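J.: Let's see this in three dimensions:
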Amino acid sequence: NNPDLTDAQKEVRAENTFLLALDGDVDFQPEAIIKVVDLMKRNPSVGAACGRIHPTGGGYMQWYQKFEYAIGHWLQKATEHMMGCVLCSPGCFSLFRAKAVMADNVMRTYTTVANQPKHFVQYDQGEDRWLCTLLLKQGWRVEY
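T.: Numbering: from 1, shown residues only. Presented below is the predicted three-dimensional model:
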């Protein structure tokens with residue numbers, strides 16, 4: 001918290017600050033980030049956006065990842081987008097609006113420590129889906 005900033009200045013910063021989630025084993029192209037930033041700048045109700053990404057490497061694992069990305073990310077996200085609601089912005093390549101993530105009901109719930117076995121699945125293994133669910137519940141949009 002910067003005491004020298006007015007509330008309006010803080011609002012502008014929160015609205016125009018973004019958090020990038022990116023896996024280390026992907027072929028990231030800088031043009032891709034420009035596209036998702038442009039998407040979020042055009043629509044201030046978008047709290048998270050994801051884009052198409054390709055895994056790097058070779059062999060069976062890379063083939064499996066490419067298949068998983070093709071079905072789970074490219075096909076499913078495009079379908080959800082056409083239907084009007086993307087449900088999850090995957091952690092392999094997503095951009096989150098700081099204002100959306102910093103919302104009290106989002107951050108307080110998202111940082112809940114797992115203390116039951118079912119919470120480990122919800123909070124830790126599906127953290128990208130959990131965060132997007134919280135954003136959607138607060139009225140933010142998730143886009144592809």
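J.: From now on I want contacts and neighbour counts done on CA atoms only, so please keep to that.
T.: Fine.
J.: And the helices in this structure?
T.: Per DSSP state H, the chain carries helices over the ranges 7-15, 30-42, 59-68, 76-83, 98-102, 104-110, 117-119, 127-137.
J.: Nearest to Y144, out of those?
T.: Taking CA to CA, helix 76-83 is the member of the helices of the chain nearest to Y144, at 6.1 Å.
J.: pLDDT at M107, what is it?
T.: Per-residue confidence at M107 stands at 91 (pLDDT).
J.: isn't V86 right up against H73?
T.: No: using CA atoms under 8 Å, V86 is not in contact with H73, being 10.6 Å away.
J.: will you turn the helices of the chain into JSON lines that also has distance to G24 and mean neighbour count?
T.: JSON lines is the format used below for the helices of the chain (distance: least, CA to CA, whole Å; neighbours: other CA atoms under 10 Å):
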{"stretch": "helix 7-15", "distance to G24": "26", "mean neighbour count": "13"}
{"stretch": "helix 30-42", "distance to G24": "14", "mean neighbour count": "14"}
{"stretch": "helix 59-68", "distance to G24": "13", "mean neighbour count": "13"}
{"stretch": "helix 76-83", "distance to G24": "21", "mean neighbour count": "15"}
{"stretch": "helix 98-102", "distance to G24": "22", "mean neighbour count": "19"}
{"stretch": "helix 104-110", "distance to G24": "23", "mean neighbour count": "15"}
{"stretch": "helix 117-119", "distance to G24": "26", "mean neighbour count": "10"}
{"stretch": "helix 127-137", "distance to G24": "16", "mean neighbour count": "20"}
